[in-house]
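**Student:** this is the structure alone, sequence omitted:
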């Protein structure tokens, strides 16, 4: 049961309901400015974020990618579907995973399913993961940045040779 449904069930209505709901909101739960997300097909989804940051994760770079086991995704950086990954702050969503270039040559990846409510709407936004459904915010390490993100987010390992990005567990 959602908070507003509970409050209605115990008798709150109209202005009283809005007052109680407003009192329950914390400053860190505020919604970020709207993002422009390009339409995506369900299988390869894509979107664009803007900005840059200094990565808080340390993905593997310059590794022999053929030795990586437990692969979840293999992304060809020369493919048109991965064009957003060529710029810092750009991201794509594919197979339920958000992959982004957080700083020059540094790729990060996380599940697209939010832990606040199981909605597949997590995107990369400047220097954090953000759920467009209800405002949950997560750091690049997966820890929650507001009360909606308090359960954290699953983060995956990444490796690149400059031509391919591999996301693995």
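**Tutor:** It's in. Just so it is clear, the structure is predicted and the values come from calculations on it, not from any experiment.
**Student:** so for stretch 151-164, mean pLDDT?
**Tutor:** In this model, stretch 151-164 carries a mean pLDDT of 91.
**Student:** relative to the whole chain's centre, how far out is it?
**Tutor:** With Cα atoms, centre = their mean, to the nearest Å as the basis, stretch 151-164 stands 12 Å off its chain's centre.
**Student:** now do stretch 89-103
**Tutor:** Chain-centre distance of stretch 89-103: 8 Å, with Cα atoms, centre = their mean.
**Student:** what segments of the protein are strands?
**Tutor:** 46-47, 60-61, 71-76, 91-94, 97-103, 106-111, 122-125, 128-131, 137-138, 155-160, 164-168 (DSSP state E).
**Student:** out of those, which gets nearest to residue 11?
**Tutor:** For those, proximity to residue 11 was assessed by Cβ to Cβ; strand 128-131 is nearest, at 30.6 Å. The C-beta positions use only the backbone N, C-alpha and C, and glycine is treated the same way.
**Student:** and that closest one, what does it pack onto?
**Tutor:** strand 122-125, strand 137-138 (3 or more Cβ pairs under 8 Å, 6 or more residues apart in numbering; DSSP states H and E).
**Student:** make a markdown table out of those strands and add mean neighbour count.
**Tutor:** Formatted as a markdown table, those follow (neighbours: other Cβ atoms under 10 Å):
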| stretch | mean neighbour count |
| --- | --- |
| strand 122-125 | 24 |
| strand 137-138 | 26 |
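**Student:** could you export the strands of the chain as JSON lines, including distance to residue 9?
**Tutor:** Formatted as JSON lines, the strands of the chain follow (distance: least, Cβ to Cβ, whole Å):
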{"stretch": "strand 46-47", "distance to residue 9": "37"}
{"stretch": "strand 60-61", "distance to residue 9": "51"}
{"stretch": "strand 71-76", "distance to residue 9": "41"}
{"stretch": "strand 91-94", "distance to residue 9": "36"}
{"stretch": "strand 97-103", "distance to residue 9": "36"}
{"stretch": "strand 106-111", "distance to residue 9": "32"}
{"stretch": "strand 122-125", "distance to residue 9": "30"}
{"stretch": "strand 128-131", "distance to residue 9": "26"}
{"stretch": "strand 137-138", "distance to residue 9": "29"}
{"stretch": "strand 155-160", "distance to residue 9": "37"}
{"stretch": "strand 164-168", "distance to residue 9": "43"}
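**Student:** mean pLDDT lowest where, among these?
**Tutor:** Here the lowest mean pLDDT among the strands of the chain goes to strand 46-47, at a mean of 38.
**Student:** so residue 164 makes contact with residue 77?
**Tutor:** Yes - here residue 164 reaches residue 77: they are 6.4 Å apart, a contact under Cβ atoms under 8 Å.
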